[in-house]
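*Asks:* Any chance you could fold what I've pasted below:
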Amino acid sequence: MRGPATQFQSLCWFGLASCLSSSVTYLAITRGGGTGDAPTRGSLDLGDVLERVVALEAEVQVLPSGGLPSSASAALPARLDAPSQREAASVAVAAAAADVGDLAVEEAPGGDEAAHTRAVVGLRPPSPAPPAAWPPRACEAPVTGALSMVCGGGSSSRGGVGEAEFYWSFWEDGSRLLGEEGLVAFLRSCTALEGKIAGKRVKIWGHSEDKIGHKGAFDEQVKDKYGLAKLCQGLRPDDWIADFGGNLGITAIHLKLRCPRCKLVTLEPSPWNYVVLRLNLLQNHLASGGAVALQGGLATAFGEMAGSHYFGNAWASRREDIFAEGAHIKAQPEAWKNRATLKVGSFKAPLLTLPSILSALGIRKLALMKLDCEGCEWDIVRGALDTGLWGSVTSSFGELHALCAYPEMNITNCLPRGLTLTQAATVWTELCAGKGYTFEWGCEEPKFGLLGADVASVLQARLCGRPNAKTWQQVGWDALCKGG
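*Replies:* You can find the predicted model right below:
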């Protein structure tokens with residue numbers, strides 16, 4: 001497992017810049033001046049990057065413990081005047097420390113003296129030279145599962161044009177997260193499903209122990225559960241799409257197939273899911289097609305999350321500290337035991353924020369955003385509403401989760417820790433009663449009528465005229481519609 005010293009080393013920017021490598025080798029720095037200024041390019045070490053970031057007349061927040069080498073951290077002041085500037089600067093410096101390739105640092109439009117720092121990913125692909133240790137020794141023996149695809153794809157003679165370098169960086173990043181032996185064993189145990197999504201033939205990998213999430217997520221996208229055919233109709237080339245709760249990458253692939261020239265950022269905290277997400281982008285030739293893959297969780301403040309990965313159900317991987325003790329979404333894991341393993345892996349991952357991601361990538365508006373992050377959606381939307389950032393999101397879809405089993409009727413046990421009923425009612429109303437948003441499950445969860453009279457009124461009009469409740473709704477439906 002990764003310790004805190006490597007928590008930011010798993011940022012990877014597909015198709016727009018190189019993934020991880022051992023040193024910062026090539027950077028683009030853009031400074032102030034006006035629209036006509038050309039970037040200055042050159043070979044810089046980390047110290048040069050830090051000096052330029054700090055020189056933007058803003059004070060950069062020291063990253064969470066171990067985020068940078070101690071010598072680099074010592075060079076950074078501890079405060080920025082505005083949270084969004086502090087967060088953007090932190091992500092920019094973290095990205096530089098991890099080496100995600102071309103990094104441009106730019107002052108805010110209008111010459112704002114308080115620097116607005118963002119990492120703008122360049123268009124140059126990763127270095128065409130293979131790593132010294134390529135191919136890995138694991139590729140010399142008979143290979144099975146997804147390992148055969150990775151070993152073959154990393155060969156310049158077998159990989160697609162310009163793709164081999166993405167396989168090399170995938171291997172390096174996956175080895176950091178799982179250890180090389182762990183990565184090899186994991187890839188050998190992966191199996192694939194094939195079918196059509198958005199009319200295109202796709203191949204989607206998942207771990208052989210995942211008997212629920214792999215097929216479930218694949219079937220959802222084949223059937224277009226979210227209605228992406230309609231949601232993507234108005235998208236234009238170069239529009240930005242966000243996929244928060246990237247899981248195995250299947251939704252990201254669907255979105256890119258619907259809008260090939262859109263730019264996409266996807267975020268997934270579980271290292272095992274993240275490896276599969278990257279693998280699926282490679283398999284379906286989207287690694288070099290304008291998709292940015294980040295490994296981490298989404299929150300309203302920087303930090304580190306402790307998470308659990310359920311090998312039998314990739315859907316269920318989650319951040320632990322937002323759940324009430326002993327709580328699980330929909331049902332206890334024991335309910336899966338006849339279908340899947342109950343094996344759980346623990347992990348730690350960096351927490352990034354929505355403002356920092358948008359600023360770091362230079363995103364002024366999200367044309368479409370998916371939020372399906374096992375409960376984080378409540379706090380993210382609350383924070384975006386409080387700061388006005390929600391106005392930067394044109395349309396959104398995903399799942400609004402009750403963080404409890406279906407029969408649970410203590411509503412505080414069904415919300416993220418620290419979220420008040422008033423805040424929850426505001427978020428529910430925005431996502432479930434507003435226009436432009438399509439959220440599954442929570443918008444028809446009758447127990448959310450306990451959030452207050454306004455929410456109850458909307459749910460009663462929506463649900464109580466139906467002759468019967470769905471099985472999972474029954475307890476809440478009786479309380480909402482029958483006063484039971």
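*Asks:* How many residues are close by the closest residue to Leu277 other than its chain neighbours?
*Replies:* Of all residues not flanking Leu277 in the chain, Gly249 sits nearest, at 3.6 Å (Cβ to Cβ, 6 or more residues apart in numbering). (C-beta placed from N, C-alpha, C; glycine too.) Neighbour count of Gly249, defined by other Cβ atoms under 10 Å: 29.
*Asks:* residues in contact with Gly249?
*Replies:* By Cβ atoms under 8 Å, 6 or more residues apart in numbering, the residues touching Gly249 are Thr266, Glu268, Val276, Leu277, Arg278, Leu279, Asn280, Leu281, Ala293.
*Asks:* Repeat that for Trp390.
*Replies:* Val381, Ala384, Glu430.
*Asks:* Filter the residues you listed down to the ones in helices?
*Replies:* Among the contacts of Trp390, the members found in helices (DSSP state H) are Val381, Ala384, Glu430.
*Asks:* Tell me the most packed of these, by neighbour count.
*Replies:* Of the ones in helices among the contacts of Trp390, with other Cβ under 10 Å as the count, Val381 tops at 25 neighbours.
*Asks:* residues contacting that one?
*Replies:* Val381 makes contact with Leu371, Trp390, Val427, Glu430, Leu431, according to Cβ under 8 Å, 6+ apart.
*Asks:* How about Asn413?
*Replies:* With Cβ under 8 Å, 6+ apart, Asn413 has these contacts: Ala324, Ala327, Leu403, Cys404.
*Asks:* Skipping its backbone neighbours, what lies nearest it in space?
*Replies:* Ala324 (4.4 Å).
*Asks:* Likewise for Leu451?
*Replies:* Nearest one to Leu451, counting by Cβ to Cβ, 6+ apart, is Ala425 at 4.2 Å.
*Asks:* In which helix or strand does the one you found reside?
*Replies:* helix 421-432 (DSSP states H and E).
*Asks:* Now the following helix or strand past that helix: buried residues?
*Replies:* Next in sequence after helix 421-432, counting helices and strands by DSSP H and E, comes strand 437-441. Within strand 437-441, the residues scored as buried using 16 or more other Cβ atoms under 10 Å are Tyr437, Thr438, Phe439, Trp441.
*Asks:* quick one: the helices in the stretch 301-450 of the chain?
*Replies:* Applying DSSP state H, counting those that start in this stretch to the stretch 301-450 of the chain gives helices spanning 354-360, 376-387, 421-432.
*Asks:* For the second one, give the mean pLDDT please.
*Replies:* Put plainly, it is helix 376-387. The average pLDDT within helix 376-387 is 96.
*Asks:* Where is the longest strand in the protein?
*Replies:* Taking DSSP state E as the criterion, the chain has its longest strand at strand 344-353.
*Asks:* from the chain's centre, how far out does that strand sit?
*Replies:* Put simply, strand 344-353 sits 11 Å off its chain's centre (Cα atoms, centre = their mean, to the nearest Å).
*Asks:* Give me the sheet partners of it and which way each runs.
*Replies:* strand 297-299 (parallel), strand 303-310 (antiparallel) (DSSP bridges).
*Asks:* Please work out the angle formed by the directions of that strand and helix 376-387.
*Replies:* Per axes from the mean of the first three to the mean of the last three Cα atoms, to 10 degrees, the angle that strand 344-353 makes with helix 376-387 is 10 degrees.
*Asks:* For strand 344-353, list the C-alpha coordinates in CSV.
*Replies:* Extracted in CSV, the C-alpha atoms of strand 344-353 (Å, rounded to 0.1, in the frame of the first residue of the first chain):
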residue,chain,number,x,y,z
VAL,A,344,-11.8,-6.4,1.5
GLY,A,345,-8.7,-4.4,0.9
SER,A,346,-7.8,-1.2,2.8
PHE,A,347,-6.2,1.8,1.1
LYS,A,348,-5.4,5.4,1.6
ALA,A,349,-5.8,8.0,-1.2
PRO,A,350,-5.5,11.8,-1.5
LEU,A,351,-8.6,13.9,-1.2
LEU,A,352,-8.8,16.5,-3.9
THR,A,353,-11.4,19.3,-4.2
